[in-house]
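**Q** 3D, please:
(chains A and B)
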Amino acid sequence: MRQFVRDNQVGMALIISALLFAVNIAINPASLNANTFGSIIALTLLLSFASAGQTLIMITGGIDLSVGAVMSMAAIFTANTMAGQEGQMPLVIAQVVPMALIVGLVNGVGVVKLKLPAMVITMCVSNVVTRLQYVYTQGLPTGTTSKFFTMTLQHRFFGFIPGMTLYGIVIFGIVLYILNRSRYGQQLFLTGNNRNAAYLAGVRSDMVEILAYVLGSLLAGIAGIIGAGYMNFVICQSLDSYTMMSIVAVVVGGTLLIGGKGSYLGTAVGSLLIIVLSNCLAVLNSSDAVRSVIMGGVLILLLAVYNKEKPIRQ
Amino acid sequence: MDRPDLKMINRFESFRRSPAFTGFVLFSLVLILNIALQGPDRFFTASNFGLLLEKNTPLILVTMAQAMLMLLGMIDISIGVQLSLVNVIAIMLPQELGVPWPVAWLAGVLAVMTISAVNGFFVAYMRIPSLLSSFAMIYIVKGINVIIMSKPQGTVPEIVWRTYASEIGGVIPVTFVIITVLFLLWIYLKKTTYIKHVYAVGGNERNAYASGINPARVKMKAFLIAGFITGIAGLCLTAMSGAGNPLMGEAYGLKSIAACILGGIALSGGWGTMSCALFGSGFLVMIQSSVYYLFKHLYVWIPGFQVTTYWQNLVSDGIILLGLVATIFTAQTQRAAFKTGLKKQLKGGERLGE
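**A** Below you'll find the model as predicted:
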């Protein structure tokens, strides 16, 4: 049993999500319908898009706290530029991509070249991006996403499969290709496992790591566009909670914080667990403050079980 | 051989190789910039020093707390929300339960020491990396803060903020006394064996363990000391603002880390002193005040120049980012000093032949 808990992290996550969902149904039997399934699938997909970049970065042994801020910024750009009209998508992408590139570059260079702790520099960048949102919108973002774009995300096939699945197939395909099939993925795992060994084996580990941060920001930007389309309302910092959720999702999914090990499918399962958990908390009518305490507690618990450092005696 | 000039040169040399040197240079540079922007006649007044210290004592104290941890190679990001916890408890206990305020303030300090001890337990005994465990603590403590006090409210007894902002004999600000007392605490600590253990564990945990030090206990004590200093900082913040706000202190977490790094404390631990923390926080304080006076000048020079609070927030956060990026220079000079030190070690005896 203990062996199973230790070695089969993804399986454990699936079991716990099923249990939580059962509790959820037991508390509120009326929530057992196609709509609940649909929204759980959609939110899980959205969170796994947001965590895609986090997975890449955590495999190198870093962490990115600017995910939520980049997503919120992208969402604001999306709503502001589209303003309810069709055919503005290229313009939105032309705004979001450079923004994400700059954020990713600052993060990557700060971590790799300046040797600052990833957490400190990304948190600092995240604060600056958040302040920029207020400067850009004067505190009151306007606009809505286009009807067609929102429809492609919210439409339910067979009553419960959300349209977001189509986006999901593309993004999962890309991320899984990067991690498991491409040369870059191999180099990423090598760098995360042992930087010096990777360097000696001819991997340009600095470039690999910086690129991971850039890709991470880009994926967060895309997740922000999709998030804006799905939620269809925008305020400053609207998607900030995704920072914490993405970290927890990646850790649940079996990615090691010291780097070198991890999988994107595990992250997706982790996302499912987080969404079911927050669904459960919503059913229990808990306030934001209580939710924040519980999220912090869950992270500490996970870290204590799966991400301990080696004892000093060894 | 007792020549005073040689003595001076030697003293300067040893200061140049000390951890605090880069922080001192940075601090002096912005100090000169600030004096130039504000005007020397207005800078060198007792009231100006009093005001500067009054507004920035929480930052200086929090940086000292962070420095204590960073000497061991640990970082506590949640130190900012811990400040708010003191604030919230010190305001809400008298207001809701009628507890006399000195008891409530003591309870606030104790609460932060408890939170710090819990964090220390996770780091020292559960072996969770300090950054991650304190990141999780941010959410927990912030949640507790909001549960206790849902929106900004409350007041502080008048005698408290009057005393806090006053000057003893019209010259020495009370805040200066607080900082001095805590610095004396550090000077006392420096004479104990405990601080030797801190440097040993910060330098190399395994070697320290091999030579009979218990790293977990050393870390735990450091967290308790840091918690105590944070508690005092939280009280200063409460006295300064004179009101309660559950989300006020959050920015202090990053600021204290930036100040420590700027002051020249090594992130890996084992390198740095409390003077580094003072210079680093002084650098941040001076640069913030310089930006304030720069904006003031801009209002005069450019007619119709208008800045919203959003811009000011952006600038102050941007400065922390720039400060962190600027550490690349301090790191380089440190590396150079380290290299020359190493060379001297290797060549040995060369200085004796002078």
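**Q** neighbours of the closest residue in space to B:S18 that isn't next to it in sequence, just the number please.
**A** Distances taken as CB to CB, 6 or more residues apart in numbering or on different chains put B:T273 closest to B:S18, at 7.4 Å, once the chain neighbours are dropped. All C-beta atoms are positioned from the backbone trio N, CA, C, and that covers glycine. Residue crowding around B:T273 was assessed by other CB atoms under 10 Å in any protein chain shown; the count is 21.
**Q** again, but for B:N204
**A** Residues near B:N204, counting by other CB under 10 Å, number 15.
**Q** Please apply the same query to B:G98.
**A** B:G98: 8 surrounding residues under other CB under 10 Å.
**Q** need the contact list for it.
**A** When contacts are counted by CB atoms under 8 Å, 6 or more residues apart in numbering or on different chains, B:G98 touches no other residue.
**Q** same deal with B:I168?
**A** Counting by CB under 8 Å, 6+ apart, B:I168 touches B:V174, B:V177.
**Q** Just to check, B:V201 is in contact with B:S211?
**A** No - in this structure B:V201 lies outside contact range of B:S211 using CB atoms under 8 Å: 10.4 Å.
**Q** out of the two, which sits in the more crowded spot?
**A** B:V201 (28 against 10).
**Q** can you give me phi and psi for that one?
**A** B:V201 has phi and psi values of phi -70, psi -40 when expressed as degrees, to the nearest 10.
**Q** Check the gap between it and chain A for me.
**A** 10 Å (CB to the nearest CB, to the nearest Å).
**Q** Now for chain B, the helix or strand with the poorest mean pLDDT.
**A** Lowest mean confidence among the helices and strands of chain B (mean pLDDT, DSSP states H and E): helix B:309-347, at a mean of 68.
**Q** burial count for A:A30?
**A** Neighbour count of A:A30, defined by other CB under 10 Å: 7.
**Q** no, scratch that, I was asking about B:Y310
**A** For B:Y310, the neighbour count with other CB under 10 Å is 18.
**Q** Touching, A:L281 and A:A289? I think so.
**A** No - taking CB under 8 Å as the definition, A:L281 is not a contact partner of A:A289, at 11.5 Å.
**Q** burial of the closest residue in space to A:L32 that isn't next to it in sequence, as a residue count?
**A** Leaving out its chain neighbours, the residue that sits closest to A:L32 by CB to CB, 6+ apart is A:I25, at 5.2 Å. For A:I25, the neighbour count with other CB under 10 Å is 14.
**Q** which stretch of helix or strand covers the most centrally placed residue in chain B?
**A** Residue closest to the average C-alpha location in chain B (CA atoms, centre = their mean): B:T63, at 1.0 Å. Per DSSP states H and E: B:T63 is located in helix B:46-70.
**Q** Check A:A42 too.
**A** According to DSSP H and E, A:A42 maps onto helix A:34-59.
**Q** Equivalent analysis for A:V251, please.
**A** Element membership for A:V251 (DSSP H and E) is helix A:242-252.
**Q** Dump the C-alpha coordinates for that helix into PDB.
**A** Extracted in PDB, the C-alpha atoms of helix A:242-252 (Å, rounded to 0.1, in the frame of the first residue of the first chain):
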ATOM      1  CA  TYR A 242      -3.800  29.900 -12.100                       C
ATOM      2  CA  THR A 243      -0.200  30.400 -10.800                       C
ATOM      3  CA  MET A 244      -0.800  28.400  -7.600                       C
ATOM      4  CA  MET A 245      -3.100  25.900  -9.300                       C
ATOM      5  CA  SER A 246      -0.600  25.200 -12.000                       C
ATOM      6  CA  ILE A 247       2.200  24.500  -9.500                       C
ATOM      7  CA  VAL A 248       0.000  22.200  -7.500                       C
ATOM      8  CA  ALA A 249      -1.200  20.400 -10.700                       C
ATOM      9  CA  VAL A 250       2.300  19.800 -11.900                       C
ATOM     10  CA  VAL A 251       3.500  18.600  -8.500                       C
ATOM     11  CA  VAL A 252       0.500  16.200  -8.200                       C
END
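**Q** so how far is that helix off the chain centroid?
**A** Offset of helix A:242-252 from its chain centre (CA atoms, centre = their mean, to the nearest Å): 6 Å.
**Q** How about residues contacting that helix?
**A** For helix A:242-252, contacts defined as CB under 8 Å, 6+ apart pick out A:9, A:13, A:47-48, A:50-51, A:54-55, A:58, A:63, A:65-69, A:71, A:126, A:223, A:227, A:257, A:262, A:266-267, A:269-271, A:273-274, A:278, A:295, A:298-299, A:302-303, A:306-307, B:135, B:139.
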